[in-house]
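Chemist: Using only what follows, build the 3D model:
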Amino acid sequence: MPALGWQLNRFERILSTAAVILPVAASAVAIGFLCVPLLMRVSRLFIDISAAILILEAAVGLWGFVLHSIGNLQGPSVHAFDNFIYGAPPMAPLLFPNLMVLGIIGLWQLRNGPGSDTFVPAAPRP
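Modeler: Numbers count the residues shown, from 1 in each chain. Down below sits the predicted model:
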């Protein structure tokens with residue numbers, strides 16, 4: 001049983017570092033902002049703030065890619081290839097920029113689509 005206690009303490013130490021807390025907190029904020037338009041009508045200012053938060057989310061993902069790559073280059077194995085295969089996945093943080101692109105597309109549609117103040121319907125065809 002002492003081994004389990006040691007693992008839990010190690011887990012708490014890992015989660016208490018800013019490198020782990022930052023992407024979790026950034027994800028929670030982004031999801032919170034993106035869920036609000038599903039529940040109520042939002043202003044253009046809110047949409048612009050949500051877009052800025054998504055851009056910061058992409059920056060967090062790029063920084064995560066850098067940190068994962070640095071960790072793999074300085075990993076325990078002599079071969080960098082083994083560190084990239086068995087170490088921290090460098091492509092995983094790049095999910096944040098991918099989701100940012102999808103979120104920006106949705107916000108763009110919400111801002112300029114039907115039902116918005118700036119929507120201009122297409123001219124009728126003759």
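
Chemist: Can you verify my assumption that Ala58 contacts Met100?
Modeler: Yes. Counting by CB atoms under 8 Å, Ala58 touches Met100, with 4.0 Å between them. For the C-beta atoms, the positions are set from N, CA and C on the backbone; glycine is no exception.

Chemist: which element follows the lowest-mean-pLDDT helix or strand in the chain toward the C-terminus?
Modeler: For the chain, using mean pLDDT, DSSP states H and E, the weakest element among its helices and strands is helix 2-15, scoring a mean of 57. Per DSSP states H and E, helix 2-15 leads on to helix 18-39 as the next helix or strand towards the C-terminus.

Chemist: Check the average confidence over that following helix, would you?
Modeler: When pLDDT is averaged along helix 18-39, the result is 88.

Chemist: In the helix or strand harbouring Arg111, which of the residues would be classed as buried?
Modeler: Element membership of Arg111 [criterion: DSSP H and E] is helix 95-112. For helix 95-112, burial by neighbour count (16 or more other CB atoms under 10 Å) applies to 96-97, 99-100, 103, 106-107, 110-111.

Chemist: Wait, Phe46 touches Val36, no?
Modeler: Yes. With contact defined as CB under 8 Å, Phe46 and Val36 form a contacting pair (7.1 Å).

Chemist: out of the two, which sits in the busier spot?
Modeler: Between Phe46 and Val36, counted using other CB atoms under 10 Å, Phe46 has the larger neighbour count: 16 against 13.

Chemist: And the spatially most central residue of the chain, how close does it get to His68?
Modeler: In the chain, the residue lying closest to the centroid (CA atoms, centre = their mean) is Phe96, at 3.3 Å. Separation of Phe96 from His68 (CB to CB, to the nearest Å): 12 Å.
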